[in-house]
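A.B. asks: Here is my input, please return the structure:
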Amino acid sequence: MDLAKADEKQLIKSYLNGNHASLQVLIKRHQNRLYSYIFLLVKDKQLADDIFQDTYLKVINTLKQGNYRDEGKFIQWVMRIAHNLIIDHFRKSKKVSFVESQNNEYDVFDTIRLTDPSVEERLVTKQIHSDVNKLLQYLPDEQKEVIMLRCYAGLSFRDIAEQTDVSINTALGRMRYALINLRKLIEERKLVLTS
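C.D. replies: Just a heads-up that it's a prediction; the model follows:
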């Protein structure tokens with residue numbers, strides 16, 4: 001079997017039959033999306049690394065115990081595990097807000113550039129992103145979460161609804177109110193968010 005072309009169901013079956021390379025292919029296939037999601041929520045590289053590893057340890061244990069029900073939604077399942085581990089971490093440490101990033105080298109916006117911007121454009125864009133990230137901290141947690149999942153992790157509203165255990169309409173409503181609240185915050189602070 002060509003592991004690179006195998007679907008998730010085949011890779012999981014292959015892994016359970018003893019082919020550990022199958023799991024490596026599966027992890028590699030989703031690692032960037034999962035890590036970006038974790039990092040954007042915790043904003044700390046070391047913590048993101050730990051949660052990323054803990055997520056896959058839990059995935060491996062669940063697979064080995066035969067408790068994974070294949071519904072064709074492997075990455076959503078893995079991201080839900082990561083999401084729960086993040087919530088558990090913040091509950092244990094009794095932190096309500098997100099921790100500040102200690103690593104200024106990683107910027108998710110650097111990964112979505114289509115052309116090489118000038119130095120001036122990069123500075124303006126960096127300032128806009130910084131302003132938006134600061135404004136997000138003023139939103140209620142459920143609104144902040146839907147913005148992160150939609151805009152940063154790139155999830156569909158259906159995936160967001162599954163991740164957060166709400167209906168699609170609730171997820172859409174939270175996004176709507178988040179955008180309304182962000183607009184109010186921008187107007188109150190008289191910010192200009194254009195490059």
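A.B. asks: May I have the phi/psi pair for residue 155?
C.D. replies: Per-residue torsions, residue 155: phi -80, psi 150 (degrees, to the nearest 10).
A.B. asks: Let me fix that, I meant to ask about residue 154.
C.D. replies: phi 70, psi 20.
A.B. asks: tell me the contacts of it?
C.D. replies: residue 33 (C-beta atoms under 8 Å, 6 or more residues apart in numbering). Bear in mind the C-beta positions are built from the backbone N, C-alpha and C, glycine included.
A.B. asks: What pLDDT does the model give it?
C.D. replies: Listed pLDDT for residue 154 reads 75.
A.B. asks: Next: residue 103.
C.D. replies: Looking at residue 103, its pLDDT is 46.
A.B. asks: This structure - how does it break down into domains?
C.D. replies: 3-92, 108-188 (automatic domain parsing).
A.B. asks: Lowest mean pLDDT across these, which one is that?
C.D. replies: Among the domains of the chain, domain 108-188 scores lowest, at a mean of 79.
A.B. asks: Nearest the middle, which residue of this structure would you pick?
C.D. replies: The centre of the chain sits closest to residue 37, judged by C-alpha atoms, centre = their mean, with a distance of 1.8 Å.
A.B. asks: Run a quick neighbour tally on the nearest residue to it once chain neighbours are set aside.
C.D. replies: In space, and not counting its chain neighbours, residue 37 is closest to residue 153: 4.2 Å by C-beta to C-beta, 6 or more residues apart in numbering. Burial of residue 153 is recorded as 19 neighbouring residues (other C-beta atoms under 10 Å).
A.B. asks: Just give me the longest helix of the chain.
C.D. replies: Counting residues, the longest helix found in the chain (DSSP state H) is helix 20-42.
A.B. asks: between the helix or strand that that one is followed by and helix 20-42, how many degrees?
C.D. replies: On the C-terminal side of helix 20-42, the nearest following helix or strand under DSSP states H and E is helix 45-64. With axes from the mean of the first three to the mean of the last three C-alpha atoms, to 10 degrees defining the directions, helix 45-64 sits at 140 degrees from helix 20-42.
A.B. asks: Packing partners of the helix or strand following helix 45-64?
C.D. replies: Toward the C-terminal end, the helix or strand that comes next after helix 45-64 (DSSP H and E) is helix 74-92. Here helix 74-92 is seen to pack against helix 20-42, helix 45-64, helix 157-164 when contacts are counted using 3 or more C-beta pairs under 8 Å, 6 or more residues apart in numbering; DSSP states H and E.
A.B. asks: Mind putting those helices into a markdown table with distance to residue 145?
C.D. replies: Formatted as a markdown table, the helices and strands packed on helix 74-92 follow (distance: least, C-beta to C-beta, whole Å):
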| stretch | distance to residue 145 |
| --- | --- |
| helix 20-42 | 8 |
| helix 45-64 | 16 |
| helix 157-164 | 7 |
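A.B. asks: Nearest approach to residue 125 belongs to which of those helices?
C.D. replies: helix 20-42 (17.1 Å; C-beta to C-beta).
A.B. asks: mind listing what's buried in the closest one?
C.D. replies: Of the residues in helix 20-42, 22-23, 25-27, 29-30, 34-42 count as buried by neighbour count, 16 or more other C-beta atoms under 10 Å.
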